[in-house]
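S.K.: All I have is the shape, not the residue letters:
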């Protein structure tokens with residue numbers, strides 16, 4: 001292509017992108033106003049499109065391969081990544097799996113907002129309502145593609161049935177346009193005349209025998225997910241600026257989908273210190289010891305001082321329940337166990353009962369006052385989820401429960417009535433957006 005033609009093509013492409021953003025402002029003000037904050041950057045080195053919350057980079061050939069409605073949907077996808085806070089939350093997570101997790105987290109929200117996405121954007125309904133971190137944990141627990149079948153950590157049914165494993169042709173293996181767009185055998189980043197593996201349509205490589213079938217074990221790399229999210233630049237004020245912009249954009253679009261509105265609300269809310277909340281729950285749930293003058297403190301009688309003695313100086317029992325249905329990641333169990341051990345050592349209850357429960361009570365660990373034993377790290381279970389057996393166990397055993405803590409993602413059957421003792425639901429961050437337990441207090445655990 002001649003230089004003048006290249007310049008003309010680039011200008012026409014930029015015009016399409018600007019028009020796509022303008023149409024979003026008119027039809028979906030929330031997405032459009034936020035998209036206007038991104039600097040358009042032509043980037044042939046990327047596969048499809050990316051954002052780091054500052055720029056919107058795009059591969060010119062890939063943009064040319066999209067129809068206008070798909071281009072608009074892909075820009076909406078990038079905006080949704082920012083609205084969910086994904087550019088600031090990758091931390092040390094593996095990039096490829098983080099990309100997939102972030103896409104699973106927002107796919108259904110884009111569909112409900114009327115977006116049509118290009119071919120190659122994966123989806124899995126079993127992840128609807130989950131945050132990217134929670135999905136990442138579940139994907140990490142799944143066997144690699146081609147491995148031996150295993151129950152999916154995403155399964156929450158009473159029968160313990162496994163959900164489709166992402167990438168196996170069901171659920172997450174489905175790639176679609178969220179609105180009836182075309183499907184393609186080619187990867188989304190392929191230029192004209194290229195297949196999934198980057199070869200020509202006739203199957204031949206470009207002057208190389210590599211990947212021509214001589215090695216039957218070699219497999220082409222998976223096509224990248226359209227619409228990449230990259231870590232945001234290091235700027236403490238940048239995320240705050242985006243939150244202000246999102247708050248304004250929400251006000252401009254009164255008919256914003258309820259699930260999108262809820263996600264934005266959770267992104268905008270101030271973070272809480274769950275460790276302080278956990279300690280506060282213990283302190284307020286366990287009664288402070290009372291003093292009585294009717295029985296003098298014998299320890300000080302020989303000194304001539306008549307002082308009161310304490311009544312009820314020990315905490316009867318604490319019950320801790322771990323949801324072992326398979327959806328709670330090991331990192332959360334380790335984090336929770338470590339915090340609880342520290343708190344229990346300071347409160348010193350007479351007994352701590354640690355229950356592993358899925359659809360029934362699988363194991364009970366009893367830790368008496370003065371014992372050096374800590375919780376068994378390996379959880380026992382793996383079936384469906386039912387919260388009722390844990391509460392029934394406390395009743396059947398006649399436990400004088402001072403406080404009750406349940407580590408779970410809240411996907412299960414609740415008791416019809418609240419117990420008399422205080423209950424705290426400790427929920428891994430983002431595992432079930434918008435769902436609140438019917439009784440008790442609620443905190444979200446955040447991985448460091």
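M.R.: Cool, the structure landed. Computed from a predicted model, the values in this text were never measured in an experiment.

S.K.: same for the helix or strand harbouring residue 365, what does it pack against?
M.R.: Element membership for residue 365 (DSSP states H and E) is strand 361-368. The contact analysis (3 or more CB pairs under 8 Å, 6 or more residues apart in numbering; DSSP states H and E) places strand 361-368 against strand 349-357, helix 388-397. Backbone N, C-alpha and C define where each C-beta goes, glycine included.

S.K.: Please work out which of these is packed deepest.
M.R.: Mean neighbour count (mean count of other CB atoms under 10 Å) peaks for strand 349-357 among the helices and strands packed on strand 361-368, with a mean of 21.

S.K.: Please enumerate residues in contact with it?
M.R.: Residues external to strand 349-357 that are found in contact with it (CB atoms under 8 Å, 6 or more residues apart in numbering): 286, 314-324, 344, 361-369, 375-376, 379-381, 386-387, 389-390, 393, 399, 402.

S.K.: want to try CSV for the helices and strands packed on strand 361-368, with mean pLDDT and distance to residue 62 as columns?
M.R.: Listed next are the helices and strands packed on strand 361-368 as CSV, based on pLDDT from 0 to 100; distance: least, CB to CB, whole Å:
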stretch, mean pLDDT, distance to residue 62
strand 349-357, 87, 49
helix 388-397, 94, 51
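
S.K.: among these, which is nearest residue 409?
M.R.: Comparing the helices and strands packed on strand 361-368 against residue 409 with CB to CB, the closest turns out to be strand 349-357 (13.2 Å).

S.K.: picking that back up, any idea which of the helices and strands packed on strand 361-368 gets closest to residue 27?
M.R.: Distance to residue 27, taken as CB to CB, is lowest for helix 388-397 among those, at 46.7 Å.

S.K.: Residue 56: what's it in contact with?
M.R.: Under the criterion of CB under 8 Å, 6+ apart, the contact partners of residue 56 comprise 17, 35, 38-41, 49-50, 75, 78.

S.K.: From the residues you listed, which land in helices?
M.R.: Counting by DSSP state H, the part of these found in helices is 17, 35, 75, 78.

S.K.: Quick check: end-to-end length of stretch 369-376?
M.R.: Separation of the first and last residues of stretch 369-376 by CA to CA, to the nearest Å is 17 Å.

S.K.: What's the mean pLDDT across it?
M.R.: Model confidence over stretch 369-376, given as mean pLDDT, is 64.

S.K.: For residue 230, list the residues it contacts.
M.R.: Shown in contact with residue 230 (CB under 8 Å, 6+ apart): 50-52, 87.

S.K.: repeat for residue 408
M.R.: Remark: with contacts taken as CB under 8 Å, 6+ apart, residue 408 is in contact with 321, 323, 328, 385, 387, 425-427.
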